[in-house]
Each structure stands twice: as structure tokens, then as C-alpha cells.
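1. With the input below, show me the fold.
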Amino acid sequence: MPIKSDTSDKVQRAADELLAKGQRPTQQAVRNLIGSGSITTINHALNLWWAGLSQRLSRQSEHPALPEPVITAASKLWDQALAYSHAALEDQRQALNESAIQQKRIDESQLFATQSTLLAMQQQNNRLLEGTEQLVEQKNALTQRVNELESSLIKERAKKDDLTRTNRQQEILLSQSESKNNINNQSDDLFQARINLKVNEAIIDDLKNQLSTGESKCTNLQQQLYEQEKSYIKQIHRLELVIAQQDTKYDNVKEQLESFQQLGR
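-> Just a heads-up that it's a prediction; the model follows:
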């Protein structure tokens, strides 16, 4: 059996003495009476004293040795101690409930802020998707225009080749013709053919420039589309991360709220 310390014995004797005087044996009252000892040691000894008081009072009722006023005072102090204990427990429960409510408000505020951030990112992602779709439409339209220009250029080149062959044939016929009128008529045809050739060549050059400009625009738009797609992928990854964090946060808040509800019962 462990040996009680001298301070513990003093505390319990002092508590008995205070109880006999009709005073409540508080930590400070006991310490003032014994004149020494730490609050921790006194508190521990008093807890042991209170724990044994009930048994002592029961034995005293079976074998009364204390005066009735002492027993009455002890019973009164015991009732006060129980009331104090219940009051302290109620204060702790109320403080815990208030803390739980405050924490719940903080969590709800953080949850609302996180949801707002998520909504903003979703809206930003939708705008990015719309911008990407517009770029794709622009690219498709430009690609179609380039194809049309290339097809037109092929036709104009064929037309130019035909006109060139016609011009050569006209020149051969002119050199072989002996009739002045026939020569003049063919010269007029050749002159008109040469004019048409110059016009067609100018058209072809203009088409070449349009094709070059279109190809440059197409390249720029393709680069813009590539950058937009990279940005879109980053936004998707960021959105997935936010959603994962949101799910984890929601689970934590849900567990906390369930714990708060259990504590409040």
C-alpha cells in the first residue's frame, strides 16, 4: 500500500478541521490553515478527501461519533460540492457548445468562400471554352478560305497556261499569214489575248498575295489556338484540384458538424 505524503495527511486533517467548524474546505482555506504546500498537491489531496467523505459519513451514521451539527454541516458541504460540480459541468458543456457553434459559423463561412471561388473558376472555364470554340470556328473558316484561294489559283494558272499557248499559236499564224486583213484581224486577237493575259496575271498575283496573307493568318490563329488549349488544360487541372479540395473540406466540415451535434445532446 502506498504511503501518503505528509502534505496529503495535513490536507485531509485540515479539511476535517474546517468541516468540523462548519466551513467549506477549499484549496485556499486548507493552504492557509496548513501554511504550506502546492496548489496541485492540495487539490489532489482534497479530491481524495471528498471521495472518502461519503464512506466516512456512512460509517458515522452506523457508529455515530461526531456531533450532529458536524454531520449536518458536512452533509450541507457535500450537497454544495455536488451542486458546484454540476454547475461546473454545465458551464463546461455550455462553453463547449458555444465554441462548437462559433467553429460551425467559421466553417460555414469558409465553405461559402470556397464555393464562391469554385463558381468563379467554373464561370472562367466556361468563358475559356467559348473563346476556344470561337477560335476553332475562325480557324475552320480561314482554312476553307485558303482552300478556295488555292483552288482559284490552280484554275487561274491553268487559264494562264491556256492563254500563253493561244498567244504562241497566234504569233505563229501571224508570221505565216499573207493576207493583210487576216493579219490585222489576228493581230487584234493577239493584242486582246495579251491584254487578257496581263489581267489574268495581275489577278493571279493578287490571289497569291491573298493566299500568303491567309496562310499567315491561319498560322497565327493556330498558334493562338494552341496557347488557348494549353491555358484551358491548366484551368481544367486547377478546377479538378479545387473540386478535390472542396470535397475534402466538405467531409471535414460534415464530420465536425456531426461531432458538434453529438456534443450538444
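2. Residue ranges of each domain in this protein, please.
-> As recorded under automatic domain parsing, the domains making up the chain are 6-96, 112-264.
3. Would you mind checking the average pLDDT for whichever strand or helix holds Tyr84?
-> Using DSSP states H and E, Tyr84 sits within helix 68-176. Predicted confidence along helix 68-176 averages 70 (mean pLDDT).
4. Ok, stretch 7-27 next?
-> Across stretch 7-27, pLDDT averages out at 86.
5. buried sites along that stretch?
-> Thr7, Ser8, Lys10, Val11, Gln12, Ala14, Ala15, Asp16, Leu18, Leu19, Pro25 (16 or more other CB atoms under 10 Å). Just so you know, the C-beta spots here come from the backbone N, C-alpha and C atoms, and that holds for glycine as well.
6. what's Lys21 sitting at in phi/psi?
-> The phi and psi values for Lys21, taken as degrees, to the nearest 10, are phi -80, psi 0.
7. Oh, that last question was meant for Gln23, not what I typed.
-> The phi/psi pair for Gln23 (degrees, to the nearest 10) is phi -100, psi 150.
8. List the contacts of it.
-> Counting by CB atoms under 8 Å, 6 or more residues apart in numbering, Gln23 makes contact with Ala29.
9. how much space between it and Glu17?
-> 9 Å (CB to CB, to the nearest Å).
10. How about Ala87?
-> Ala87 sits 26 Å away from Glu17, going by CB to CB.
11. ok so, going back, quick one: the buried residues of stretch 7-27 as TSV, columns for distance to Ala202 and secondary structure too.
-> Below are these laid out as TSV (distance: CB to CB, whole Å; DSSP: H, G, I helix; E, B strand; the rest coil):
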residue	distance to Ala202	secondary structure
Thr7	117	helix
Ser8	117	helix
Lys10	121	helix
Val11	117	helix
Gln12	121	helix
Ala14	121	helix
Ala15	120	helix
Asp16	125	helix
Leu18	122	helix
Leu19	123	helix
Pro25	118	coil
